[in-house]
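Asker: Got a sequence here, can you model it:
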Amino acid sequence: MIFYFSGTGNSKYVATRIADETNDKIIDMAQVLKSGSFDFKVETGEKVGFVFPVYSYGVPTVVSDFVKKLDLDFDANVEPYSFLIITCGGSIANASGLFIKMLQESNSLVPNAVYSHLMPDNYIPMYNVPTAEQSKDRLEKGNQILENEIIPTIKEGKRHTLKPSTLDVIQTAVMYPAYTMLRGTKSFYATDACTSCGLCEQICPTDSIEIQNGKPVWVKKQCTKCLACIHRCPARAIQHGKGTEKRNRYVHPECK
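Answerer: Okay, here's the model as predicted:
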């Protein structure tokens, strides 16, 4: 089984490609959180994978909330082969170390293979995201690594380590606490371009959006900041602050 979290489709695509090659199933962490059922039986010989994006050199709150509640039922004498893939636009710093510590505390499990995987970036509140051509180029390069390195490693049950540097550890220690505190929803809003389609409400992983009088309203003080509402809005109506209106949007070509 492969647990994933994805806002604009990058991590879901990676999880799906691996599952296709390993005859496995993918499980959405956000949906598990909503269902409240965290017990999973790991069959003999079954692999356990985790795929999600890096947020501020750390772990999205959806992922941290999920893994702390996750209860994997496996034979304590036969630890399952497990892997971790963190998608990113640049560096994951020490996000892997952060997640592994959480997983170890909740399920006494340490991934056998750990990867960071470059994908198109999407953090639109701070900077413009790649153009369609730039995204296509990065996706093609990423697919080659996925097909030729990551998937074969997982299929063959091999190890792959990823050791954070001292700078990586410092970056996560400095930047990640800011993310956990600065997840407010006040800067989100919808312009008059909104068509009241309701997609933002449907896809929000933390149920932070409600359609009221035909317009999205952010009803929670904080969200996980996946930015799916901005990038996937078909009318480009959802904004964050004053800088996002003219910036590119990004959704993985196979995101549905």
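Asker: Give me the pLDDT for residue 156.
Answerer: At residue 156, the model reports a pLDDT of 96.
Asker: That should have said residue 242, apologies.
Answerer: In this model, residue 242 is scored at 89, pLDDT.
Asker: what about it, which SS state?
Answerer: coil (DSSP: H, G, I helix; E, B strand; the rest coil).
Asker: can you check residue 78 too?
Answerer: coil.
Asker: Surely it touches residue 43?
Answerer: No: at 11.0 Å, residue 78 does not count as touching residue 43 under the criterion of Cβ atoms under 8 Å. Placement of C-beta: from N, CA and C, glycine included.
Asker: shouldn't residue 92 be in contact with residue 114?
Answerer: No: with contact defined as Cβ under 8 Å, residue 92 does not reach residue 114; the gap is 9.7 Å.
Asker: The two: which has the busier surroundings?
Answerer: residue 92 (30 against 22; other Cβ atoms under 10 Å).
Asker: residue contacts, the more buried one?
Answerer: Residue 92 sits next to 54, 57, 86, 116, 168 when contact means Cβ atoms under 8 Å, 6 or more residues apart in numbering.
Asker: longest single helix anywhere in this structure?
Answerer: helix 166-181 (DSSP state H).
Asker: Could you name the helices and strands sitting against the helix or strand that that one is followed by?
Answerer: Downstream of helix 166-181, the next assigned helix or strand under DSSP states H and E is strand 188-190. Applying 3 or more Cβ pairs under 8 Å, 6 or more residues apart in numbering; DSSP states H and E, one finds that strand 188-190 makes contact with strand 215-218, strand 238-240.
Asker: Measure how far strand 188-190 is from the centre of its chain, please.
Answerer: Its chain's average C-alpha position is 22 Å from that of strand 188-190, according to Cα atoms, centre = their mean, to the nearest Å.
Asker: Give me whichever of the helices and strands packed on strand 188-190 is most buried.
Answerer: strand 238-240 (a mean of 22; mean count of other Cβ atoms under 10 Å).
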